[in-house]
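> Give me the fold of what follows.
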Amino acid sequence: MEKIYKRENYLKKIRSFYNDSIIKVITGIRRSGKSYLLKSIIEELKEQGIQDKDIIYIELDKKEFKDIKTPTELEKTIDSFITDKDFKYLFIDEVQNIKNFETIINAYKEEGNYSIFLTGSNSYLLSGELITKLTGRYIEIEILPLNFYEYVDMKRFLNKEVNTNIYHEFEEFIRNGGFPGSLKYDNYEDRMFYTKNVINQIFERDIKNHKKIKDKELFEVIQKFVINNFGSIISIGSIYTYLIKDANINIDRRTIKTYIELLENAKIIYPCDLFDIKSKKVLDSERKYYLADLSIYFALNTDNRINYGPVLENILFSYLKSKNYSLNVGKIGKLECNFIARRQTDEYFYIQVTKNIDDKKTEEREYKPFYKIKEMYPRYLFIADLIFQKNVNGINNVNIIDFIYNQEDLK
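Residues are numbered from 1 along each chain as shown. The predicted model follows:
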């Protein structure tokens with residue numbers, strides 16, 4: 001029997017809805033673990049006494065179901081599993097493979113005798129179009145690749161060797177990334193090959209087939225530019241300038257915008273808007289982009305040196321996002337506060353991230369934005385090195401590795 005690593009952070013978000021008629025929509029980049037989350041839920045249902053006959057699991061990417069192309073064929077397949085009128089748990093993996101699947105999903109939901117779970121690999125599942133097509137309520141659970149705690153925990157689950165020095169293990173995590181499937185491989189080159197294959201699958205199945213890309217090479221140039229500049233403030237204008245002046249490529253801004261949106265829809269990148277702390281307004285023209293997984297950067301580049309600034313930002317961004325924090329980049333005059341994090345109405349935090357504060361100049365640079373902010377919300381400086389003073393003038397100095405490994409929250 002296949003061993004399934006359970007990702008508790010996501011299971012606890014969905015567990016209270018197991019027996020609810022609300023549709024559960026699970027999204028995320030390909031190979032982030034959506035199918036295994038479904039299998040974890042099925043395991044828990046069986047542990048609760050739910051019988052096999054009441055669980056319908058259809059993997060549309062599998063050979064057994066590959067010929068299902070229409071809502072009618074999907075309906076016939078679902079009905080073939082139904083032998084009585086008992087309450088059913090319906091799981092459909094990669095549901096976007098069926099064009100106009102919403103009609104059938106709505107029909108089963110309206111019967112009131114089904115708890116429905118759907119997965120998909122692109123944001124079409126939560127687009128405005130889907131909102132109008134899925135009648136009634138639904139919830140989205142978005143899955144990211146493994147965070148550092150999950151990475152170490154899953155290695156132990158698979159009986160893989162874990163470095164006794166957790167800080168050295170963190171260095172490996174940065175390069176290896178958190179795609180669960182890559183943990184099957186012990187060789188770094190094999191892991192990078194795995195990640196490249198994931199990216200190719202995303203292009204072939206989530207991007208190329210979703211919208212026509214007139215120039216694949218141009219798309220790849222823009223993709224590489226954004227990926228290589230993760231954690232930096234960029235805009236459509238800065239990409240346009242790079243393509244016109246440095247790459248000598250003629251292009252219009254609308255095409256750049258379309259290609260960026262395709263990367264977002266495929267969940268390769270996540271935008272982080274700039275928020276002006278003084279005016280309390282989102283700045284529309286510029287933003288940062290963070291990667292769904294850092295291995296995407298290392299798989300597409302021969303240089304595997306670690307630029308700790310954006311790398312640590314990316315790791316913290318993904319971790320906090322998985323914890324349901326909303327994130328912006330803070331701007332206060334010419335200064336930048338790496339993140340403003342919000343969760344619930346009364347949880348608001350200012351965050352800086354750096355590898356270390358070994359010298360006075362670095363320390364002053366990292367603390368300076370905090371002193372310019374008038375609001376007295378909690379302030380955090382996340383550091384990858386050892387911390388000797390945990391609180392400086394009301395600023396919490398926190399080791400980012402320990403924070404994530406111990407699954408902590410902002411307080």
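
> biggest strand in the chain by residues?
Longest strand of the chain, by residue count under DSSP state E: strand 281-291.

> what sits up against that strand?
Here strand 281-291 makes contact (Cβ atoms under 8 Å, 6 or more residues apart in numbering) with 226-227, 229-237, 268-276, 297, 313-314, 317-318, 328-329, 331. The way it works is simple: take the backbone N, C-alpha and C, and place the C-beta from them, glycine included.

> Could you do stretch 240-253 as well?
218, 221-222, 225, 236-237, 256.

> So residue 92, which state does it fall into?
With DSSP: H, G, I helix; E, B strand; the rest coil as the basis, residue 92 sits in strand.

> I figured it was touching residue 114, is that so?
No - the pair residue 92 and residue 114 fails to qualify as a contact (Cβ atoms under 8 Å) at a distance of 11.0 Å.

> just to revisit the earlier point, from the contacts of stretch 240-253, which ones fall inside helices?
Mapping these onto helices (DSSP state H) picks out 218, 221-222, 225, 236-237, 256.

> And the furthest pair within those residues?
Within those, 218 and 237 form the most distant pair, 17.3 Å apart (Cβ to Cβ).

> Looking at those two, which one has more neighbours?
Neighbour totals were compared for residue 218 and residue 237, and residue 218 leads with 18 against 12 (other Cβ atoms under 10 Å).

> distance of the more buried one from residue 361?
For residue 218, the distance to residue 361 (Cβ to Cβ, to the nearest Å) stands at 42 Å.

> mind listing what the residue nearest to the spatial centre of the chain touches?
Compute the mean C-alpha point of the chain, and by Cα atoms, centre = their mean the closest residue is residue 144, 3.3 Å away. Residue 144 sits next to 28-29, 32, 178, 292-293, 318, 321-322 when contact means Cβ under 8 Å, 6+ apart.

> now do 7 Å
Residues counted as contacts of residue 144 (Cβ atoms under 7 Å, 6 or more residues apart in numbering) are 28, 32, 292, 318, 321-322.

> ok, of those, which one's closest to residue 376?
Looking across those and measuring by Cβ to Cβ, the closest to residue 376 is residue 321, at 25.1 Å.

> count of residues packed around the closest one?
Residue 321 sits with 18 neighbouring residues when counted by other Cβ under 10 Å.

> what's the angle between the strand or helix carrying it and strand 281-291?
Using DSSP states H and E, residue 321 sits in helix 308-322. Calculated by axes from the mean of the first three to the mean of the last three Cα atoms, to 10 degrees, helix 308-322 forms an angle of 100 degrees with strand 281-291.

> any idea how far residue 291 is from residue 311?
Between residue 291 and residue 311 the computed distance is 10 Å (Cβ to Cβ).

> Pull out the buried members of the ones in helices among the contacts of stretch 240-253.
Listed as buried from the ones in helices among the contacts of stretch 240-253 are 218, 221-222, 225, 236, 256; burial here means 16 or more other Cβ atoms under 10 Å.

> Closest one of those to residue 350?
Nearest to residue 350 among these, with distances taken as Cβ to Cβ, is residue 236, at 27.8 Å.

> Give me the pLDDT for that closest one.
Residue 236 is assigned 96 on the pLDDT scale.

> swap in residue 275?
Listed pLDDT for residue 275 reads 96.

> do residue 77 as well
So residue 77 comes in at 97 (pLDDT).

> What is the neighbour count of it?
Look at residue 77: counted by other Cβ under 10 Å, it has 17 neighbours.

> Which helix or strand contains it?
Assessed by DSSP H and E, residue 77 sits inside helix 71-80.

> May I see the buried residues of that helix?
Going by neighbour count (16+ other Cβ under 10 Å), the buried part of helix 71-80 is 71, 74, 77-78.

> And for stretch 11-18?
Neighbour-count burial for stretch 11-18 [16+ other Cβ under 10 Å]: 13-14, 17-18.

> just the strands in this structure please.
Using DSSP E, strands in the chain cover 23-28, 55-59, 88-93, 114-120, 138-143, 233-235, 269-276, 281-291, 326-332, 335-343, 347-354, 379-383, 391-392, 395-399.

> which of those has the lowest average pLDDT?
Mean pLDDT is lowest for strand 391-392 out of the strands of the chain, coming in at a mean of 85.

> Partner strands of that one and their direction?
Strand pairing for strand 391-392, using DSSP bridges, gives strand 395-399 (antiparallel).

> circling back: and of the contacts of stretch 240-253, the nearest to residue 400?
Residue 400 has its nearest neighbour among the contacts of stretch 240-253 in residue 225, at 27.1 Å by Cβ to Cβ.
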